[in-house]
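Student: test case, fold it:
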Amino acid sequence: MTSSEPNGATFRCSDAARDRDDPFVATAPPARCWLLVEHPGPWGHQALGDAGYAPEVLDAIDAFCRARGARFQLIRRPRMRGEPPADRGRFAVVDTTPGAESVRWGRVDSPDGLPAALADVEAVTTPSPEPVYLVCAHGRHDACCAMRGRPVAAELATAYPERTWETTHTGGDRFAANVVLLPHGLVLGRVPATEAVAVVERYAAGEVDTVWVRGRSFLTPPAQAAQHHARLALHESHVDALRVLGVEAREDGATAVRLDGGPERGALTVVVRERWVSSPTPLTCSAGRAASMRVFDLVDLAPEIGTPAGVPVTGVVG
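Tutor: All right, here's what the predicted structure looks like:
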């Protein structure tokens, strides 16, 4: 497979994925924490490696991310064509731990100041109550991210300029436009520009729309899948609902995930099974060959014995 199709049209992974209706549940990249660093661009194919940082800065970022389970992202403000880029040295550390979510912002005079800042990050950053909206617009990594992401970022920046940032690769290029809602680490896919403002406003009100959710980055893929299937079955939209209590791997690719259903439902056990599906086309615009995608099927969803009766959850698996 080349970048062009037989009829001469340029291959776009997001178009192919939409045509196939590729499932994107449980595809949020793993991250307990997010490290965001302002960089005006241009962004190279590899965000961190091509950022122009000195080796000691790269080493400090790598050590910080390894220690905290953090995902590194370059960020910049969306801007109009012809508008000069801005780089005011801001950076943020976002903890996505359920029940302890937080956003802390700091500033350095130059990237060379990052090692010292990251070494004592709580002392040099300030907590913020404001959510952060990231939109992947990393065109040099995948053209679909820029083509579909930038209109979404522009819409969000018009309504919420201080909360909105374009960002580098978040994974799942074929699901563009990809949006990350922090501090909860909710990763959304295929968000239309026409729906973007409504989506973030619902999040700010403490709710999530399952139509767009790929998963929550704090959770493992099986847990992401179990939480999503439970949301659908229970019509549960509250962001903090269905907290994961435990995960148990079983045979034949199955995983049992215990969820907190709340005082009315009690604990729930959701069993999902992993399988791989072949794709007839590459999963990114730059990939040279077709690949396979992982999906999670719902096997069972039931309340634990002895938990309070409430909203019925049995019988949801056909």
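
Student: give me the next element, helix or strand, following the strand or helix carrying Ala153.
Tutor: In the assignment (DSSP states H and E), Ala153 maps to helix 143-159. Moving toward the C-terminus from helix 143-159, the first helix or strand encountered (DSSP H and E) is strand 164-167.

Student: who are the packing partners of the helix holding Ala153?
Tutor: Under the contact definition 3 or more Cβ pairs under 8 Å, 6 or more residues apart in numbering; DSSP states H and E, helix 143-159 sits against helix 13-20, strand 132-136, strand 164-167, helix 196-204. In this view, the C-beta of every residue, glycine as well, is placed from N, C-alpha and C.

Student: ok, residues contacting the longest one?
Tutor: To tie it back to what came earlier, the one meant is helix 196-204. Judged by Cβ atoms under 8 Å, 6 or more residues apart in numbering, the contacts made with helix 196-204 from elsewhere in the structure are 131, 133, 152, 155-156, 159-160, 163, 177, 179, 181, 184, 186, 188, 191, 208-209, 212, 239.

Student: one more pass at 6 Å, please.
Tutor: Applying Cβ atoms under 6 Å, 6 or more residues apart in numbering, the contact partners of helix 196-204 are Tyr133, Val152, Glu155, Leu156, Ala159, Leu181, Asp209.

Student: next one: stretch 227-236
Tutor: The set of residues that contact stretch 227-236 without belonging to it, under Cβ under 6 Å, 6+ apart, is Val25, Thr210, Leu242, Leu259, Val270, Leu298, Leu301, Val316.

Student: give me the distance between the closest residue to the first one other than its chain neighbours and Asp109.
Tutor: Spatial nearest neighbour of Val25, excluding adjacent residues (Cβ to Cβ, 6 or more residues apart in numbering): His228 at 4.9 Å. To Asp109, His228 is 43 Å away according to Cβ to Cβ, to the nearest Å.

Student: looking at those two, which is more packed in?
Tutor: Counted by other Cβ atoms under 10 Å, His228 and Asp109 do not tie: His228 has more neighbours, with 23 against 7.

Student: surely the more buried one is in a helix?
Tutor: Yes - with the criterion set as DSSP: H, G, I helix; E, B strand; the rest coil, the secondary structure at His228 is a helix.

Student: what pLDDT does it get?
Tutor: For His228, the model assigns a pLDDT of 97.

Student: what's the answer for Asp22, then?
Tutor: Asp22 carries a pLDDT value of 88.

Student: burial count for it?
Tutor: As a burial measure, the neighbour count of Asp22 was computed by other Cβ under 10 Å and equals 21.

Student: how near is it to Arg294?
Tutor: From Asp22 over to Arg294 the distance is 11 Å, taken as Cβ to Cβ.

Student: now Ala249
Tutor: As judged by Cβ to Cβ, Ala249 and Arg294 stand 15 Å apart.

Student: for Gly44, same thing?
Tutor: Gly44 is 28 Å from Arg294, where distance means Cβ to Cβ.

Student: try Trp212
Tutor: Trp212 sits 19 Å away from Arg294 when distances are taken as Cβ to Cβ.

Student: between those two, who's got more neighbours?
Tutor: Just comparing Trp212 and Arg294: by other Cβ under 10 Å the higher neighbour count belongs to Trp212, 22 against 14.

Student: could you dump the helices and strands packed on helix 143-159 into CSV with mean neighbour count and distance to Val103 added?
Tutor: Converted to CSV, the helices and strands packed on helix 143-159 look like this (neighbours: other Cβ atoms under 10 Å; distance: least, Cβ to Cβ, whole Å):
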stretch, mean neighbour count, distance to Val103
helix 13-20, 18, 29
strand 132-136, 27, 6
strand 164-167, 26, 12
helix 196-204, 18, 13
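
Student: now those as TSV including distance to Ala143?
Tutor: Conversion of those to TSV gives the following (distance: least, Cβ to Cβ, whole Å):
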stretch	distance to Ala143
helix 13-20	9
strand 132-136	12
strand 164-167	15
helix 196-204	20
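
Student: looking at these, which is closest to Arg148?
Tutor: Ranking those by their distance to Arg148 (criterion: Cβ to Cβ) puts helix 13-20 first, at 6.0 Å.

Student: can I get the CA coordinates of the closest one in PDB?
Tutor: The C-alpha atoms that make up helix 13-20 are tabulated as PDB, following Å, rounded to 0.1, in the frame of the first residue of the first chain:
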ATOM      1  CA  CYS A  13      -6.300   6.700   7.100                       C
ATOM      2  CA  SER A  14      -9.100   8.600   8.800                       C
ATOM      3  CA  ASP A  15     -11.300   8.300   5.700                       C
ATOM      4  CA  ALA A  16     -10.600   4.500   5.500                       C
ATOM      5  CA  ALA A  17     -11.400   4.000   9.200                       C
ATOM      6  CA  ARG A  18     -14.600   5.900   8.900                       C
ATOM      7  CA  ASP A  19     -15.700   3.900   5.900                       C
ATOM      8  CA  ARG A  20     -15.000   0.700   7.800                       C
END
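
Student: who's in contact with that helix?
Tutor: Helix 13-20 is contacted by residues Cys144, Asp173, Arg174, Ala176, Thr281, Thr284, Cys285 when judged by Cβ under 6 Å, 6+ apart.
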